[in-house]
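> next input, structure requested:
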Amino acid sequence: MTDVDAVDTGTAPARRYVVLGVTAVVTLLGSLDAYVIVTLLNPITDELGIPLNHLERATAIVTAYLLGYVAAMPLLGQTADRFGPRRVLQWCLVVFALGSALTASAQSLPLLVAGRLVQGAAAGGLLPVTLALAGRLFRGRAKPVALGSVGAAQELGSVLGPLYGAGVAALIGWRGVFWVNIPLVLVAAVVARFTVPAEASPESGEPAGGRRTDLVGGLLLAVALALLVAALDNQDPQRSVLPSWGPPMLLGCAVVLALFVLWERRSQVRLIDTRRIRRRPFAAAMAISFCAGVALLVTLVDGELVAQSLLGESSVGGALLLMWFLTALPVGAVLGGLAGRRLGHPVVAGVGMAVAAGGYVLIAAWPPAALTAHVGPLPLVQTDLAIAGLGLGLVIAPTAGAVLDSTDPGQHTTASAAAVIARTVGMLVGVAALSAWGLHRFQTLTAHLDMPIPGTAGFGPAWSAYQHALHLALHTEYSDIFRATAVVCALGAVCALGLAGSASRDPAR
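Numbers count the residues shown, from 1 in each chain. Below you'll find the model as predicted:
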């Protein structure tokens, strides 16, 4: 075993931080690409000739990336546990470069969607591999800090991604954003070759490549997750809770999940061997990840809508307001890692979810003129968004740490992938459910309103009263959505109690 391969059993601390830095940068590259699309959709639709009355076609660009990301993650996680982090990181980076080339050169929407699908599938292996590697390299009090740093790199992509995409596109066009990926990821692959450990978890007692991969289980779960993502991807929630294809796809998802469970019970090689995990802390970490995912995407979607519909901001102004939330996420991730050194997973995760719940209670109580309101010297809207983001950020390190501490080393990457999937599913389920419920609430509040007819007597005052009533209904709708989000975060805080005991698997504690 080389010096790098032995990093988790005695390599100098400086070498460990080099490995952590390299893998964190790799995670940031994948995260950037997930969020650059926010500022590239308009130029992409213009160049590909997608008409304004059919912009829903462009949503496939976003959905394809998410499909690949979620579907490939479980199998890539187990592949990394078998073949080692170095190989899987390099494979993912090379495939990511190929996907970037396909996206950048696409002259039609189907090819562009295919490129984003490949990029998402490759990116699906980066974060869980990096989280598992951080857990392997660092022990005791150093582990939460390392995990918080990785989480911060991931969340930093949400802050920098739209700005990076807009900046590069302004210089060399939207295609240039994806062409630039190729040299960046290839350099990262070369650097990973000389820094990242080659072997899978040596503490498992099995040689790298000695463990078999549950290919059938991984494919079944990938298909189930892909069906779930497609079923919940409703671009017109005003018509129904689910898209027209949603119910049959949910049924298909349930059938495939049942097949997955049956296979896992009978198979000698399992995707996640539940006999070798501490079930209570692992399940608690999954639940917290799910709750955090709900809150995250509800904020990004409904926060932007509130900014434009209630606060009178432009799309750019709404994005700038959300930057307070997004910037607080990586800050909270680092602070959560530092706090975890002394307080432990349950306390930090519980406090984080409680702080987030408090932030959403404050957001739900915004007055109509919230944008000009202050709390002492601090602006009300920005402060409340930062509180919510800080709370969600605090949860990242203790949740990741609990997942690693409650599983055997041979399952670390697969378990980390499960946590990321739980968060992603929470994002999808949360925004679908709360958006549909919010629209139903709005329709209930406005069912008695009659739109004034132009040209009739008293139209001016009647129109003003009608607009005022709609504004109040919108305010009530979004307030209720954020109150519901606060309840979800409070449930996450309760789930944090279940993390107790997860750290006992770490021999260095």
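> so where's the stretch 251-400 of the chain shaky on pLDDT?
Filtered on pLDDT under 70, the stretch 251-400 of the chain yields the residue ranges 271-275, 315-316.
> which stretches of it form strands?
Taking DSSP state E, counting those that start in this stretch as the test, the strands found in the stretch 251-400 of the chain are 374-375, 378-379.
> list the contacts of residue 325.
Contacts for residue 325 (CB atoms under 8 Å, 6 or more residues apart in numbering) come out as 299, 300, 303, 385, 386, 388, 389. For the C-beta atoms, the positions are set from N, CA and C on the backbone; glycine is no exception.
> same deal with residue 429?
Contacts for residue 429 were tallied using CB under 8 Å, 6+ apart; they are 232, 290, 294.
> ok, residue 123 to residue 92 distance?
Separation of residue 123 from residue 92 (CB to CB, to the nearest Å) stands at 7 Å.
> ok, back up a step: just put the contacts of residue 325 in JSON lines and tack on neighbour count.
Shown next, in JSON lines, are the contacts of residue 325 (neighbours: other CB atoms under 10 Å):
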{"residue": "299", "neighbour count": "25"}
{"residue": "300", "neighbour count": "17"}
{"residue": "303", "neighbour count": "23"}
{"residue": "385", "neighbour count": "25"}
{"residue": "386", "neighbour count": "22"}
{"residue": "388", "neighbour count": "31"}
{"residue": "389", "neighbour count": "30"}
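> isn't residue 113 up against residue 60?
Yes - here residue 113 reaches residue 60: they are 4.9 Å apart, a contact under CB atoms under 8 Å.
> of the two, which one has the most company?
In this view residue 113 and residue 60 are compared by other CB atoms under 10 Å, and residue 113 has more residues nearby, 22 against 18.
> contacts only, for the more buried one.
By CB under 8 Å, 6+ apart, the contact list for residue 113 reads 60, 61, 64.
> show me what contacts residue 293?
With CB under 8 Å, 6+ apart, residue 293 has these contacts: 422, 423, 424, 425, 426, 427, 428, 430.
> number of residues surrounding the closest residue in space to it that isn't next to it in sequence?
In space, and not counting its chain neighbours, residue 293 is closest to residue 426: 2.7 Å by CB to CB, 6 or more residues apart in numbering. Using other CB under 10 Å, residue 426 is surrounded by 25 other residues.
> tell me which element residue 426 falls in.
Using DSSP states H and E, residue 426 maps to helix 412-446.
> now the helix or strand following that helix: mean pLDDT?
The helix or strand immediately downstream of helix 412-446 is helix 459-495, counting by DSSP H and E. Helix 459-495 shows an average pLDDT of 86 in the prediction.
> who are the packing partners of helix 459-495?
With contacts defined as 3 or more CB pairs under 8 Å, 6 or more residues apart in numbering; DSSP states H and E, helix 459-495 has these neighbours: helix 279-309, helix 345-364, helix 412-446.
> doesn't residue 224 make contact with residue 256?
Yes - using CB under 8 Å, residue 256 is in contact with residue 224, at 4.2 Å.
> still on that earlier bit, most neighbours out of the contacts of residue 429, which is it?
Counting neighbours by other CB under 10 Å, residue 294 comes out on top of the contacts of residue 429 with 26 neighbours.
> how far away is that one from residue 459?
Taken as CB to CB, the span from residue 294 to residue 459 is 43 Å.
> over to residue 420?
54 Å.
> skipping its backbone neighbours, what lies nearest the residue positioned nearest the centre of the chain in space?
Geometric centre of the chain, nearest residue: residue 424, 5.2 Å, by CA atoms, centre = their mean. Nearest-residue entry for residue 424: residue 70, 5.3 Å, with adjacent residues in sequence omitted and distances by CB to CB, 6+ apart.
> got the contact list for the one you found?
Residue 70 sits next to 124, 225, 226, 229, 421, 424, 425 when contact means CB under 8 Å, 6+ apart.
> which of the residues you listed has the weakest pLDDT?
Across the set of the contacts of residue 70, residue 229 stands lowest in pLDDT, at 74.
> now do the same contact list for it.
Residue 229 neighbours (CB under 8 Å, 6+ apart): 63, 66, 67, 70, 71, 428.
> what about the residue lying closest to it once chain neighbours are set aside, distance to residue 113?
Sequence neighbours aside, residue 67 is the residue nearest to residue 229 in space, at 5.2 Å (criterion: CB to CB, 6+ apart). Using CB to CB, residue 67 is found at 10 Å from residue 113.
> with residue 122 instead?
Per CB to CB, residue 122 is found 15 Å from residue 113.
> now residue 310
34 Å.
> let me see the domain layout of this protein.
Using automatic domain parsing, the domains assigned to the chain come out as 1-200, 215-268, 277-450+458-509.
> still on that earlier bit, what's the closest of the helices and strands packed on helix 459-495 to residue 190?
helix 412-446 (21.8 Å; CB to CB).
> what's around residue 459, how many residues?
Under the neighbour criterion other CB under 10 Å, residue 459 is assigned a count of 13.
> er, residue 342 actually
For residue 342, the count of nearby residues is 10 (other CB under 10 Å).
> with residue 419 instead?
Applying other CB under 10 Å, we find 25 other residues in the vicinity of residue 419.
> most distant residue from the centre of the protein?
Residue of the chain lying farthest from the centroid, by CA atoms, centre = their mean: residue 457 (52.8 Å).
> for ChimeraX, what selects the buried ones among the contacts of residue 293?
Selection of buried members from the contacts of residue 293 for ChimeraX, criterion 16 or more other CB atoms under 10 Å:
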select :422,423,424,425,426,427,428,430
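> I'd say residue 100 and residue 120 touch.
No - Residue 100 is not in contact with residue 120 according to CB under 8 Å; the separation is 11.5 Å.
> in stretch 278-285, which residues are buried?
Buried, per 16+ other CB under 10 Å, within stretch 278-285: 278, 281, 282, 283, 284, 285.
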